[in-house]
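Q: Can you look at this prediction? I've put the sequence above it.
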Amino acid sequence: MTTNIRIPRRTLLKGIGAAGLGSVLAPLSSRPLYAASVAPITIVINQSPWFDSFRRTVEAYEAETGNKVELDVNPFAGSLEKQRNSVRASQGQYDILIMNSGWFTEMYGGGFVDSITDIDPGFQLDPDLYTLNDTIYYNAEKKSLTSDGKLMSIPVSPLIPMLYYRGDLYKEAGLEVPKTFDALEANAKKLHNPPSMYGIVQRGARGPATVSYDFYPYLYGFGGNIFRNQSEGDFTVTLNSEEGRTALDYYIRLAKEAGHPKTAANDQANVIQAMVTGTAGHVMMVISAASQMDDPDKSAVVDKVEYAVPPSAPGLPTAPALGHWLAGISRNVPDDRKRAAVEFLRWFQTKAAQLETAKAGGIPVNAAVYKEPIAEERQYRWMKPLAEALPHAVNSYQFPQASEVIAVLELGLNRAVAGEIGSVEALNGMAGEIEKIMAGYNYRTGQISPL
């Protein structure tokens, strides 16, 4: 059921306490007050672990500027459906679209969002803002996500998977933080003591972007990829390479030998639950769940979870996949609402605003925040490893039909993890289906030799 949440002006970040309020207000007062009277805007957004921090940041914006924002909050798939319906209407219902990495190119390529600098030629990107593989830009002529294109969006949440591990158990067992997949596997087996403790808990369920997203760091970390070179327009399918097989065999072996017995049914909520209840030694999931680890109302492992960059094969860099969210401005809304949306994004991208996001439990999109004293505090211990990993993040899809490819991966990977088919059959089958999709849209594509 869709929830419409109206965010009224209220005391800034209500509930964080007088001391916290003072620390937040200090940087706000040094920032210029943005347009005091712009049109109200509506933002369509998904319900997620990072939503509350976004909501609280919006509250801060309203309190500072007097501008009004309405949030239309939906499940993951519901948010996409609402966005697609709105941008195709004669007049859009939503001014700002919070777009996931799996569908923002659909919005760019379809002409459904306006360039921010077309709306306001004077708009300047904060120099410390993460551009996340330049996914905030789009070159319509080249159909590429490159910085020579127009500025189409501002990052909202720079999500990538990170390795969560039980620091207390590592200390007891004398383990070192794993940098390679071999080390991760050895550590997971060392901690594996089912049913009270699983060495690692992984996602394997089929969903909008579930098992595929959790598989990407393994695929890329072993040197594999879905396509040969998207940036150069070469969509030859390489998923079923030797590197791809190594990655999938490894993912399945972890589940069987050091993982949860029902990995094929695990969704994100199951993975988070396993970690906060103290039954997982490791998980690899988006960093937005970190705030739950130290929440005494949710977690039995407060102050026991540590964070590290995702491992990789020897000689290869860490390669977490972007699962980020971007904010774009709908093309089919009135000009006054477009201008109001620009004002919000102008404010949102700043270091001061992003410090508030961090204090509210969110993940900052401004690199300057990661250099602030806050990064040294125990509760923000995820910030340094995240800052180390973000420059290596991989954007999985650079074309509008990504959701069709993801659907193929979701089914094939789920069946492989469940043991319904072997890894070779799964990879060859998915590769064939993906090639058909790309050929159907006249991309330059093909396949490597089957395994």
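A: All right, it came through fine. Numbers count the residues shown, from 1 in each chain.
Q: neighbours around residue 45, how many?
A: 25 (other C-beta atoms under 10 Å). For every residue, glycine as well, the C-beta is placed using N, CA and C.
Q: Oh, that last question was meant for residue 397, not what I typed.
A: 23.
Q: Need the per-residue pLDDT for it.
A: Note on residue 397: pLDDT of 90.
Q: secondary structure element for it?
A: Per DSSP states H and E: residue 397 is located in neither a helix nor a strand.
Q: for residue 213, same thing?
A: Counting by DSSP H and E, residue 213 is part of helix 211-221.
Q: Restricting to C-alpha, output that helix in CSV.
A: The C-alpha trace of helix 211-221 is given here as CSV (Å, rounded to 0.1, in the frame of the first residue of the first chain):
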residue,chain,number,x,y,z
VAL,A,211,20.4,-11.7,-6.0
SER,A,212,21.9,-10.1,-9.1
TYR,A,213,23.0,-7.0,-7.1
ASP,A,214,24.6,-9.1,-4.4
PHE,A,215,26.4,-11.2,-7.0
TYR,A,216,28.0,-8.3,-8.8
PRO,A,217,30.9,-7.7,-6.4
TYR,A,218,31.9,-11.3,-6.8
LEU,A,219,31.5,-11.2,-10.6
TYR,A,220,33.5,-8.0,-11.0
GLY,A,221,35.9,-8.9,-8.2
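Q: Show residues contacting that helix.
A: 161, 181, 202-205, 225-226, 239, 243-244, 247-248, 250-251, 284-285, 310-313, 316, 318-321, 323, 394, 396, 406, 409-410, 413-414, 417 (C-beta atoms under 8 Å, 6 or more residues apart in numbering).
Q: List only buried entries from the residues you listed.
A: 161, 181, 202-205, 225-226, 239, 243-244, 247-248, 250-251, 284-285, 310-313, 318-321, 323, 394, 396, 406, 409-410, 413-414, 417 (16 or more other C-beta atoms under 10 Å).
Q: Show me where the stretch 151-300 of the chain has its strands.
A: 153-157, 161-166, 227-229, 234-237, 282-286 (DSSP state E, counting those that start in this stretch).
Q: let me redo that: the stretch 1-150 of the chain
A: For the stretch 1-150 of the chain, applying DSSP E, counting those that start in this stretch gives strands covering 3-7, 41-46, 69-74, 96-100, 113-114, 137-138, 150-151.
Q: deepest of those, which one?
A: Neighbour counts (mean count of other C-beta atoms under 10 Å) averaged over each of those peak at strand 96-100, with a mean of 27.
Q: From the chain's centroid, how far away is that one?
A: Strand 96-100 sits 12 Å away from the centroid of its parent chain (C-alpha atoms, centre = their mean, to the nearest Å).
Q: okay, that strand in PDB with CA atoms only?
A: Extracted C-alpha coordinates of strand 96-100, given in PDB (Å, rounded to 0.1, in the frame of the first residue of the first chain):
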ATOM      1  CA  ILE A  96      11.700  15.100  -8.300                       C
ATOM      2  CA  LEU A  97      12.200  11.500  -9.200                       C
ATOM      3  CA  ILE A  98      14.400   9.400  -6.900                       C
ATOM      4  CA  MET A  99      15.800   7.000  -9.500                       C
ATOM      5  CA  ASN A 100      17.700   3.700  -8.800                       C
END
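Q: wait, doesn't residue 314 sit right on residue 222?
A: No. Between residue 314 and residue 222 there is no contact under C-beta atoms under 8 Å: 10.4 Å.
Q: Comparing these two, which shows the higher neighbour count?
A: Higher neighbour count among residue 314 and residue 222: residue 222, with 24 against 10, using other C-beta under 10 Å.
Q: Can you check the pLDDT for the nearest residue to the more buried one once chain neighbours are set aside?
A: Closest residue to residue 222 apart from its sequence neighbours, by C-beta to C-beta, 6 or more residues apart in numbering: residue 247 at 4.3 Å. At residue 247, the model reports a pLDDT of 98.
Q: Run through the residues that contact residue 247.
A: 215, 218-219, 221-222, 224 are the contacts of residue 247 under C-beta under 8 Å, 6+ apart.
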